[in-house]
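1. the following comprises the amino acid sequence and a computationally predicted model.
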Amino acid sequence: MRCLLCSNWSITEHICKSCQKEFLTPKIERQIFYKDIELISFYSYKEIEQLLKLKHTHLGFYVFSLLSQLTFKEFAKNFTTDTIFTSIAVDDSVKSGYSHTAILNRALKSRSIAPCYNVLKQKSDLQYSKHDLAWRKMHPRDFFLKECNKKKIILVDDIKTTGITLKASIDLLLKSKKEVQFILVLADASRV
């Protein structure tokens, strides 16, 4: 197959090792986000925009699997704590044959992080990824939380664009007596 970035032949992966090293080496950035909760991102949105746009295509599964290995899995390897944290993905419903947020969440499985699936769900089937801020404000996400007896939560999402989705998720988790330790996102649109 040909590399999605350089079009050279790649025997085993959709993005060759050379392009992975040159274009996909993550640069972790930390910021205080909402209600003093730290948000950790691995890329700016612009760095991987074309790859993120593949999430609703047949190639999205492969791209998100690779990105999760380069970022979330590496983060989990280096994250050690005496307490086991539970990671929860924002609306990990299956769309386009897979869930991109579930792929990211699964990569966190480690001695210190236990992923939990299908917990933070959206009530409607609306897709937010193709809409602007004005539309998102008029159509706030309506989440519900399935049973989860864990307290210390790591919130997982693919992209922070406007922050509306993450804020709604945090509000629901805090209302449900969960302690959101920090947020992990693949890309942040506010990064330069």
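-> Looks like it came in fine.
2. when you work out contacts or count neighbours from here on, use the C-alpha atoms and nothing else.
-> OK.
3. list phi and psi for Trp135.
-> Per-residue torsions, Trp135: phi -60, psi -40 (degrees, to the nearest 10).
4. beta-bridge partners for Ile154, please?
-> Beta bridges link Ile154 to Ser87, Phe182 when assigned by DSSP bridges.
5. who touches it in this structure?
-> Going by Cα atoms under 8 Å, 6 or more residues apart in numbering, Ile154 touches Phe85, Thr86, Ser87, Ile88, Val180, Gln181, Phe182, Ile183, Leu184.
6. go again using 7 Å as the cut-off
-> Phe85, Thr86, Ser87, Ile88, Val180, Gln181, Phe182, Ile183 (Cα atoms under 7 Å, 6 or more residues apart in numbering).
7. and the residues you listed as CSV, adding pLDDT, distance to Glu13 and neighbour count?
-> Formatted as CSV, the contacts of Ile154 follow (pLDDT from 0 to 100; distance: Cα to Cα, whole Å; neighbours: other Cα atoms under 10 Å):
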residue, pLDDT, distance to Glu13, neighbour count
Phe85, 96, 31, 21
Thr86, 96, 30, 24
Ser87, 96, 27, 27
Ile88, 95, 28, 27
Val180, 96, 35, 23
Gln181, 96, 34, 17
Phe182, 97, 31, 20
Ile183, 98, 29, 24
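8. wait, which of those is closest to Ala107?
-> Taking Cα to Cα as the measure, Ala107 sits nearest to Ser87 out of the contacts of Ile154, at 10.2 Å.
9. check contacts around the closest one.
-> Asn105, Ile113, Ala114, Pro115, Cys116, Ile153, Ile154, Leu155, Val156.
10. what do you get for Arg141?
-> Arg141 neighbours (Cα under 7 Å, 6+ apart): Gln122, Thr165.
11. name the SS class of it, please.
-> Counting by DSSP: H, G, I helix; E, B strand; the rest coil, the backbone at Arg141 sits in coil.
12. likewise Leu108?
-> Quick answer, by three-state DSSP: Leu108 is coil.
13. correct me, but Leu145 touches Leu120?
-> Yes: counting by Cα atoms under 7 Å, Leu120 is a contact partner of Leu145 at 4.8 Å.
14. neighbour-wise, which of these two wins?
-> Neighbour count, other Cα atoms under 10 Å: between Leu145 and Leu120, Leu120 has more, with 23 against 15.
15. now do the same for the more buried one: its pLDDT.
-> Per-residue confidence (pLDDT) for Leu120: 86.
16. just the element for it, please.
-> According to DSSP states H and E, Leu120 maps onto strand 113-122.
17. dump the longest helix that the chain contains to PDB, keeping only the CA atoms.
-> As assigned by DSSP state H, the longest helix anywhere in the chain is helix 164-175. The C-alpha coordinates for helix 164-175 follow below in PDB (Å, rounded to 0.1, in the frame of the first residue of the first chain):
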ATOM      1  CA  ILE A 164     -18.500  22.900  24.400                       C
ATOM      2  CA  THR A 165     -18.600  19.100  24.300                       C
ATOM      3  CA  LEU A 166     -15.800  18.700  26.900                       C
ATOM      4  CA  LYS A 167     -17.500  21.200  29.200                       C
ATOM      5  CA  ALA A 168     -20.800  19.400  28.900                       C
ATOM      6  CA  SER A 169     -19.100  16.100  29.700                       C
ATOM      7  CA  ILE A 170     -17.200  17.600  32.700                       C
ATOM      8  CA  ASP A 171     -20.400  19.100  34.100                       C
ATOM      9  CA  LEU A 172     -22.300  15.800  33.900                       C
ATOM     10  CA  LEU A 173     -19.400  13.900  35.500                       C
ATOM     11  CA  LEU A 174     -19.000  16.400  38.300                       C
ATOM     12  CA  LYS A 175     -22.800  16.400  38.900                       C
END
